[in-house]
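Asker: sequence unknown, structure follows:
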C-alpha cells in the first residue's frame, strides 16, 4: 500500500495510475485525515 497527499485531481489520477502499474494499492486522503474520500475513477477493490 502506498499513501500520498496530492491535491490536484490530475496529480491524484497520475498517482493512482503509477501506483497500480507497480502493483501497489493506492490511497490519497486529505492531509488532515479528517474525511474519507471516494474517487469514482478509482473504486476500492
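Answerer: Here it is on my side, so go on. Since the model is a prediction, treat every value here as computed from it, not as a measurement.
Asker: center of this structure - which residue?
Answerer: What sits nearest the mean C-alpha location of the chain, by C-alpha atoms, centre = their mean, is residue 28, with 3.3 Å.
Asker: just the helices in this structure please.
Answerer: Taking DSSP state H as the test, the helices found in the chain are 9-21.
Asker: so where's it uncertain?
Answerer: Where the chain drops to pLDDT under 70, the residues are 45.
Asker: could you measure from the residue of it most remote from its centre over to residue 3?
Answerer: Most distant from the centre of the chain: residue 34, at 15.4 Å, with distances by C-alpha atoms, centre = their mean. Relative to residue 3, residue 34 is positioned 15 Å away (C-beta to C-beta, to the nearest Å). Using the backbone N, CA and C atoms, a C-beta is placed for each residue, glycine as well.
Asker: on that earlier part again, right, and the residue nearest to the centre of the chain touches residue 4 too?
Answerer: Yes: judged on C-beta atoms under 8 Å, residue 28 makes contact with residue 4 at a distance of 5.9 Å.
Asker: tell me, what's touching those two both at once?
Answerer: residue 15 (C-beta atoms under 8 Å, 6 or more residues apart in numbering).
Asker: returning to that earlier point: how close does the residue farthest from the centre of the chain sit to residue 2?
Answerer: Noted for residue 34: a distance of 21 Å to residue 2, by C-beta to C-beta.
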